[in-house]
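Asker: Sequence and predicted model, in that order:
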Amino acid sequence: KAGVTQTPRYLIKTRGQQVTLSCSPISGHRSVSWYQQTPGQGLQFLFEYFSETQRNKGNFPGRFSGRQFSNSRSEMNVSTLELGDSALYLCASRGRGYSGSDTQYFGPGTRLTVL
Amino acid sequence: AQTVTQSQPEMSVQEAETVTLSCTYDTSESDYYLFWYKQPPSRQMILVIRQEAYKQQNATENRFSVNFQKAAKSFSLKISDSQLGDAAMYFCAYRSAQRNTPLVFGKGTRLSVIA
């Protein structure tokens, strides 16, 4: 079974631009979560989607948004980029109703650099 | 809010030796999950081991085992017969058993393996 995939793997943007990141979960997984990883703040939760609905949201400004499609693929959007948005963005998928459904499996991440 | 603390930012171990990484957490809940994830340099985060809080038996996965002390809120990871491929950042994570709750991560421990 293929793992979680994320595209693109690397992005370079300038301040004020917007960016969209994509995540495809493991086949059959309906929950997708997004995390931001930085050296200073570590891993911080952004939001979780299940069946196209946002189920939980972390403490990030409204510039960070996401959505999930009917095939469970998810996108994350950051508008009006700031230098501090430079980070590794990780997507994780989780099954529901399966044994071990509490376990999240991570993708390789998208490395975003804001200049 | 739950917190996870990894008090050892860096550790090193000789190849073939045993090392223990520490993790403590703070929660008022009785039902939850604990995880150790491994993130090799510039590579994908992978699950090492998981523990359900309602299980008293410590989880094991080949050379990896945990010492779960629920009353002390401690969840340490023991790596036996350390290999060069074990070198990575190790993250301890907590997740409530309530629905739609995210992983809460510690800051990580960087493990070096010396040949």
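Answerer: Noted; the coordinates are in hand.

Asker: Can you name the next helix or strand after the helix or strand of chain B with the lowest mean pLDDT?
Answerer: Counting by mean pLDDT, DSSP states H and E, chain B has its least confident helix or strand at strand B:60-61, which shows a mean of 90. Following strand B:60-61 in sequence order, the next helix or strand is strand B:64-69 (DSSP states H and E).

Asker: Adjacent strands (with direction) for that next one?
Answerer: When pairs are called by DSSP bridges, strand B:64-69 turns out to pair with strand B:60-61 (antiparallel), strand B:74-79 (antiparallel).

Asker: Okay, angle between the following helix or strand past the longest one and strand B:64-69 too, please.
Answerer: What it means is strand B:74-79. Once strand B:74-79 ends, the next helix or strand along the chain (criterion: DSSP H and E) is strand B:88-96. Orientation note: strand B:88-96 sits at an angle of 40 degrees relative to strand B:64-69 (axes from the mean of the first three to the mean of the last three Cα atoms, to 10 degrees).

Asker: and strand B:88-96, what other elements does it pack with?
Answerer: Secondary-structure packing of strand B:88-96 (3 or more Cβ pairs under 8 Å, 6 or more residues apart in numbering or on different chains; DSSP states H and E): strand B:3-5, strand B:32-39, strand B:74-79, strand B:104-105, strand B:109-114. C-beta here means a position set from N, CA and C on the backbone, and glycine is covered the same way.

Asker: relative to strand B:32-39, how tilted is that strand?
Answerer: 160 degrees.

Asker: Quick one: residues contacting residue 12.
Answerer: Defaulting to chain A. By Cβ atoms under 8 Å, 6 or more residues apart in numbering or on different chains, the residues touching residue A:12 are A:113, A:115.

Asker: try again with chain B
Answerer: Residue B:12 neighbours (Cβ under 8 Å, 6+ apart): B:111-114.

Asker: try 7 Å
Answerer: By Cβ atoms under 7 Å, 6 or more residues apart in numbering or on different chains, the residues touching residue B:12 are B:112, B:114.

Asker: Now do the same for the helix or strand where it lies: mean pLDDT, whole number.
Answerer: In this structure, residue B:12 sits in strand B:10-14 according to DSSP H and E. The pLDDT scores in strand B:10-14 average 97.
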